[in-house]
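**Student:** Structure, please.
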Amino acid sequence: MALSLDDIRTLFEQHGNLAYSGERVTQLEHALQSAALAEEEGASDELVAAAFLHDLGHLLNRFGDTPSERGIDDLHQYFALPFLRPVLPEAVLEPIRLHVDAKRCLCAIDATYFGRLSADSVRSLELQGGIFSQQEADAFLNKPYADDALRVRRWDDLAKEANRVTPDVDHYLGVVERVMEAHAVA
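**Tutor:** Predicted structure coming up:
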């Protein structure tokens, strides 16, 4: 079953007020901030949509506010994909799928990256397989959409600012709608 725009809106309306993994923002605020950061950098509609939807799996899984505190990797990067695949292109889906591995890669290739992770990101990193080896990082960097996933990851890391002003959910659902419409005719 594919998620429609109304389904996505409903997920954010019903569960977007959940705390974002021990951070000072809600799931909805995190999604809006991630998408706003993508837009500010002039990212494509597909990448803005990926930034907005990258953690939708948390809203579908609903393991609670901070599953990593209970030792759970909720595999959120995969959970939403079957519901989004019928309506969105790979340019949206792959950065979503790869954004967790992008964190693992960035820890391996950027000497300062790990030190900037939040406490929950450090905790979840271990549950998600830990820091990539150099060989794993090289293999990741050769994947299609790896660069986009790295960008989504960096926006994800920055999208944890309390009270940051962003465009609203309707604005980003409009971006997703444009991408869905373009995908339908492709």
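**Student:** quick one: secondary structure of the residue nearest to Thr26 when sequence neighbours are not counted?
**Tutor:** Nearest non-adjacent residue to Thr26, counting by C-beta to C-beta, 6 or more residues apart in numbering: Asn17, 5.2 Å away. All C-beta atoms are positioned from the backbone trio N, CA, C, and that covers glycine. Three-state assignment for Asn17 (DSSP: H, G, I helix; E, B strand; the rest coil): coil.
**Student:** Can you report how many residues lie near Asn17?
**Tutor:** When neighbours are counted by other C-beta atoms under 10 Å, Asn17 registers 11.
**Student:** Contacts only, for it.
**Tutor:** Contacts here follow C-beta atoms under 8 Å, 6 or more residues apart in numbering; on that basis Asn17 touches Thr26, Gln27, Leu28.
**Student:** For these, give me CSV that also has neighbour count and pLDDT.
**Tutor:** Shown next, in CSV, are the contacts of Asn17 (neighbours: other C-beta atoms under 10 Å; pLDDT from 0 to 100):
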residue, neighbour count, pLDDT
Thr26, 18, 94
Gln27, 22, 92
Leu28, 20, 97
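**Student:** Narrow those residues to those in helices?
**Tutor:** Of the positions in the contacts of Asn17, Gln27, Leu28 sit in helices, assigned by DSSP state H.
**Student:** Which elements pack onto the helix or strand hosting Glu39?
**Tutor:** Here Glu39 is covered by helix 27-40, with elements defined by DSSP states H and E. With contacts taken as 3 or more C-beta pairs under 8 Å, 6 or more residues apart in numbering; DSSP states H and E, helix 27-40 sits against helix 5-15, helix 45-53, helix 56-61, helix 146-158, helix 169-185.
**Student:** on contacts alone, who are the packing partners of the helix or strand following the third one?
**Tutor:** Downstream of helix 56-61, the first helix or strand assigned by DSSP H and E is helix 76-79. Where contact means 3+ C-beta pairs under 8 Å, 6+ apart, helix 76-79 is packed against helix 56-61, helix 90-109.
**Student:** what's the helix holding Glu39 in contact with?
**Tutor:** Against helix 27-40 from outside (C-beta under 8 Å, 6+ apart): 12, 15-20, 23, 25, 47-56, 58-59, 151-152, 155-156, 158-161, 164, 166-169, 172, 175.
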